[in-house]
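Q: What follows is a predicted structure for the sequence shown.
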Amino acid sequence: MPRDPLIGIVGKPSSGKSTMLNSLTDANAAVGAFPFCTIEPNQATGYLQVDCACSRFGKQELCKPNYGWCLQGKRHIPIMLLDVAGLVPGAHSGRGLGNKFLDDLRHADALIHVVDVSGTTDSEGKNTRGYDPLYDIEWLQDEIRLWIEGNLKRRWGSIVRKHTATKSSIVDTLQAQFGGYGSQIPMVQRALDRIDSLPPLEEWTDEWITKVVKSFMLEKFPTVLALNKMDHPDADKNVSKIMLKYPDTKSVLTSAITEVFLRKLTKQGFVRYEEGTEFVDTCEDDPENLKPLDEKVLNRIENIRDLVLYRFGSTGVMQVLQAAAGQLDLIPVYTVRNIQTFAGGNGTNVFRDCFLVKRGTHVGKVARYIMGGEVTIAAIETVGGVRVSEESTVEEGKNDILSFKLAPKSTL
Ligand SMILES: Nc1nc2c(ncn2[C@@H]2O[C@H](COP(=O)(O)OP(=O)(O)OP(=O)(O)O)[C@@H](O)[C@H]2O)c(=O)[nH]1
């Protein structure tokens, strides 16, 4: 990945995108109950929770990340998030803030689709009861597909003429069209490989174009469903329907509003809450260190425990971001100055620098990505001072801790 990964948060108005973003970041996206409350796309830093390398070596106490933080071996790595506003059915033809939404989307590497599984908002985000959220999953995918298809079909005649005249391969011709979405040749190739008996491009019908675009979307916009508002009593039946209809799509049950609430109480010193878990302590558990809460809030916390935390194991918010990073096959890679102690420049704190890199990336590519193209790398070492070649790949737990020895600058 030549630049930092970007995870887009999409969904209809009032599905809970801003609440989700707030719970994943420290940003203050406007949270409101009205459609189109988020007008500008909102980019913010989220934090991906991973098991830090420090815990592998019992060095949790010495771990001091340059960015994000690490708490007892749970590291929070910054990752860019994009709140994409105003998507409604018909967006590809300009409805709502459709074109703007789709244009923002180009930059995303993976999507979190926030689905309101309470059934209390219709496809445009207006209040209702008994709405079927299955429809939201369908139309959102359709809007993205129709947008890409529209861009392709508008120029189809000249695309085919050029393809024939220049005797190009299908992958080259499509890359020229899909490059604007940030695609690369291997991505287009994988999309094509998935389709059986693909005829020559000159013979593609509308159906073939649709097949190709659908396959491209799986590569370009791998999607995780955040089944949000799972705290609502009507959520269960909708969740079952979605899981039955989309067994192969990664989905995570979430209650973004619960996460926001618990974080707020934590900041104010009323509760101790371990993000990503079911554990919440109040003054009843630890009167010495936690401020007392009134009856009403204590009852709400009890409800949250029963309806969300103990039933599902967490609010799901951390997990949904982990699932999105998983779709991109991202793993943390640590670069250290001293491969024996894992310390950085100052010689004391360990594992200060950490980057998210696609699993299987060549070590040499990681080195150039991190050090910049200008430097010459003389040697690369991993744990135990073992030399690794530039062609070795980074995997979880293997070649994911690296030290780069630079060649002295030429004085000529
Ligand atoms: N019950 C429940 N309500 C939620 C949850 N998440 C968000 N909400 C509520 O849903 C409403 C809409 O949330 P927002 O986060 O503003 O939704 P949005 O998708 O950003 O909406 P737009 O800005 O219109 O695109 C607000 O009243 C939130 O409090 C949740 O997990 N459970």
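A: Arrived safely. Numbering: from 1, shown residues only.
Q: in the stretch 51-200 of the chain, which ranges drop under the pLDDT threshold?
A: Along the stretch 51-200 of the chain, the parts satisfying pLDDT under 70 run over 86, 94-100.
Q: For it, what lies in contact range of the ligand?
A: Within reach of the ligand by CB under 6 Å from any ligand atom, the stretch 51-200 of the chain has these residues: 85, 125. All C-beta atoms are positioned from the backbone trio N, CA, C, and that covers glycine.
Q: Would you map the helices across the stretch 51-200 of the chain?
A: Taking DSSP state H, counting those that start in this stretch to define them, one finds helices in the stretch 51-200 of the chain at 53-56, 98-105, 134-153, 156-165, 170-178, 185-193.
Q: Which strands or helices does the third one pack on?
A: Using 3 or more CB pairs under 8 Å, 6 or more residues apart in numbering; DSSP states H and E, the elements in contact with helix 134-153 are helix 98-105, strand 110-116, helix 170-178, helix 206-220, helix 235-245.
Q: buried ones in the next helix or strand after the longest one?
A: Which is helix 206-220. Using DSSP states H and E, the helix or strand that follows helix 206-220 in sequence is strand 223-228. Going by neighbour count (16 or more other CB atoms under 10 Å), the buried part of strand 223-228 is 223-228.
Q: near the ligand too, which of these?
A: Asn228.
Q: thinking again about what came up before, in a markdown table, list the helices of the stretch 51-200 of the chain along with mean neighbour count.
A: Below are the helices of the stretch 51-200 of the chain laid out as a markdown table (neighbours: other CB atoms under 10 Å):
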| stretch | mean neighbour count |
| --- | --- |
| helix 53-56 | 20 |
| helix 98-105 | 19 |
| helix 134-153 | 18 |
| helix 156-165 | 13 |
| helix 170-178 | 18 |
| helix 185-193 | 17 |
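Q: Would you map out the domains in this protein?
A: As assigned by automatic domain parsing, the chain contains the domains 6-41+84-245, 256-315, 331-406.
Q: how long is the first one end to end?
A: Length of domain 6-41+84-245, first residue to last, CA to CA, to the nearest Å: 28 Å.
Q: near the ligand, which residues of the stretch 251-400 of the chain?
A: So the stretch 251-400 of the chain meets the ligand at 255-257 (CB under 6 Å from any ligand atom).
Q: Spatially nearest residue to Gly73, not counting backbone neighbours?
A: Distances taken as CB to CB, 6 or more residues apart in numbering put Ser55 closest to Gly73, at 3.1 Å, once the chain neighbours are dropped.
Q: Just the buried subset of the residues of the stretch 251-400 of the chain next to the ligand, written out for PyMOL, thanks.
A: To isolate the buried members of these in PyMOL, using 16+ other CB under 10 Å:
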select buried, resi 255+256+257
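Q: Include pLDDT and secondary structure when you put the residues of the stretch 251-400 of the chain next to the ligand into CSV, please.
A: Listed next are these as CSV, based on pLDDT from 0 to 100; DSSP: H, G, I helix; E, B strand; the rest coil:
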residue, pLDDT, secondary structure
Ser255, 97, coil
Ala256, 96, helix
Ile257, 96, helix
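Q: on that earlier part again, go through the domains of the chain and pick out the most buried.
A: domain 6-41+84-245 (a mean of 18; mean count of other CB atoms under 10 Å).
Q: any idea how far that domain is from the chain center?
A: 14 Å (CA atoms, centre = their mean, to the nearest Å).
Q: hmm, back to that, nearest to Ile9, out of the helices of the stretch 51-200 of the chain?
A: helix 98-105 (10.7 Å; CB to CB).
Q: Show residues contacting stretch 142-162.
A: Residues outside stretch 142-162 that contact it (CB atoms under 8 Å, 6 or more residues apart in numbering): 87, 89-93, 98, 102, 105, 168, 173, 177-178, 181, 201-202, 206, 209-210, 213-214, 216-217, 221.
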